[in-house]
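In: Prediction below, plus the sequence it came from.
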Amino acid sequence: MTDALREQALRATLLQRSDLWKAAADRARRLMTGRTDKVSDAVRLVDDYRLLAHDLARARRLMPDSRVRSFLENAYAQAHATLYKQASHPGYALWSLFRDQIPEATRSIRSHIVWVLLLFVAALGAGAWMVHTYPELINLFASPSLIATVERGELWTEGLLNVVPSSVLSLQILTNNIVVSLFAYCAGFLFGLGTFYIVGLNGLMLGAVFAFTAQHGLDDDLFRFIVAHGCVELSVMVLSGAAGAAVGEALIRPTTPRRSQSFQQAALRTGKVLIACVVLLIGCGFIEGYISPDPSYPMWTRVVVGVGYWLFMVAMLRGWVFGRSRGTEAVEA
């Protein structure tokens, strides 16, 4: 038998197995899409994988430019992806998010966090200096009703629980805080200018209000109200602003050939930090609704709650709450 006849016979023999290829491709597709949970299909997939690999090698040699080779390559790729697909474990994925991915994302924006924090502190000091030096400038930062209340020697937070129940107040505060954090994050997409505006404005307002209340002897009362929830709430604002600024920097200085791809990568990475911010704000809403406006809680309790929750935030962002972060182990190693 000549070589030509032998190759023709081999091709004919190979084509006779087409039904097996189609069955293998269908089986892999069903397993990949979750349309079957039969153990027999999973066991057969191993044999299918070997069959497709063997026949694909023969098709590449005997029919390199044919549709048969193309079909086998697609079927083999499908079987390979199905066979080596990682099992889905929602619980483990959530655990890994808080243990590894969020700490890693936070470390990637450390420099942005430092710069945004410095901006906030500078704006805080500037706002306090402006109102302390020129008291009439408080009209730029506070509403007339707030100014009138403080001038009467009262804090606008007094009697808050008499007007709104704690549960409703907590929900309102939580919603508002999440909206502000999302806005601070998204504003950073404007090449970081939005972060400068949001963080700077909030720093000016807080500094101005503290200076104004100090002029009327109410700064201690304001600190008493803020300390329980403010440590984490202000930190979350800095975090969300820094995450948004990192995305804005990715647009200014893309790390990939395509600016859109650099933006997408930065948004996906920093979005994990925003998830942590939302989780932390849930606790802030609870504290600000139930503890901060309640005069029955003494100062030491408020400080313990505020500092303790802030330490919890640091531990969560470092990956310590859900087990030692793999990223931290790699750095220390």
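Out: Perfect, I can see it now. Numbering: from 1, shown residues only.

In: I'd like the next helix or strand past the top helix by length along the chain.
Out: Scanning the chain for the longest helix, with DSSP state H as the assignment, gives helix 219-252. As assigned by DSSP states H and E, the chain's next helix or strand after helix 219-252 is helix 259-290.

In: Summarise which helices and strands that next one is packed against.
Out: When contacts are defined as 3 or more Cβ pairs under 8 Å, 6 or more residues apart in numbering; DSSP states H and E, helix 259-290 packs onto helix 102-108, helix 166-187, helix 219-252, helix 299-318. Any C-beta I mention is one placed from the backbone N, CA and C, and that applies to glycine too.

In: ok, back up a step: next, the buried residues of the longest helix of the chain.
Out: Within helix 219-252, the residues that count as buried by 16 or more other Cβ atoms under 10 Å are 219, 221-251.

In: And that helix, what does it pack against?
Out: Short answer (3+ Cβ pairs under 8 Å, 6+ apart): helix 219-252 packs on helix 102-108, helix 110-133, helix 166-187, helix 193-215, helix 259-290, helix 299-318.

In: what inclination does the last one have with respect to helix 110-133?
Out: Calculated by axes from the mean of the first three to the mean of the last three Cα atoms, to 10 degrees, helix 299-318 forms an angle of 150 degrees with helix 110-133.

In: what about helix 299-318, average pLDDT?
Out: Mean pLDDT, computed over helix 299-318, is 94.

In: quick one: low-confidence parts of the stretch 151-300 of the chain?
Out: 159-171, 173-174 (pLDDT under 70).

In: switch to 50 and redo it
Out: 162-163 (pLDDT under 50).

In: Does the closest residue to Ala25 other than its chain neighbours lie in a helix or a strand, and which?
Out: With sequence-adjacent residues excluded and distances taken as Cβ to Cβ, 6 or more residues apart in numbering, Ala25 is closest to Ala75, at 4.1 Å. Taking DSSP H and E as the definition, Ala75 sits inside helix 67-83.

In: Only alpha carbons, please: show that helix as PDB.
Out: Extracted in PDB, the C-alpha atoms of helix 67-83 (Å, rounded to 0.1, in the frame of the first residue of the first chain):
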ATOM      1  CA  ARG A  67     -12.800  22.000   9.100                       C
ATOM      2  CA  VAL A  68     -12.200  18.700  10.900                       C
ATOM      3  CA  ARG A  69      -9.100  20.100  12.500                       C
ATOM      4  CA  SER A  70     -10.900  23.300  13.400                       C
ATOM      5  CA  PHE A  71     -13.800  21.400  15.000                       C
ATOM      6  CA  LEU A  72     -11.500  19.200  17.000                       C
ATOM      7  CA  GLU A  73      -9.400  22.200  18.300                       C
ATOM      8  CA  ASN A  74     -12.600  23.900  19.500                       C
ATOM      9  CA  ALA A  75     -13.900  20.700  21.100                       C
ATOM     10  CA  TYR A  76     -10.600  20.000  22.800                       C
ATOM     11  CA  ALA A  77     -10.400  23.600  24.100                       C
ATOM     12  CA  GLN A  78     -13.900  23.200  25.500                       C
ATOM     13  CA  ALA A  79     -13.100  19.900  27.200                       C
ATOM     14  CA  HIS A  80      -9.900  21.300  28.600                       C
ATOM     15  CA  ALA A  81     -11.600  24.400  30.000                       C
ATOM     16  CA  THR A  82     -14.400  22.200  31.500                       C
ATOM     17  CA  LEU A  83     -12.000  19.600  33.000                       C
END
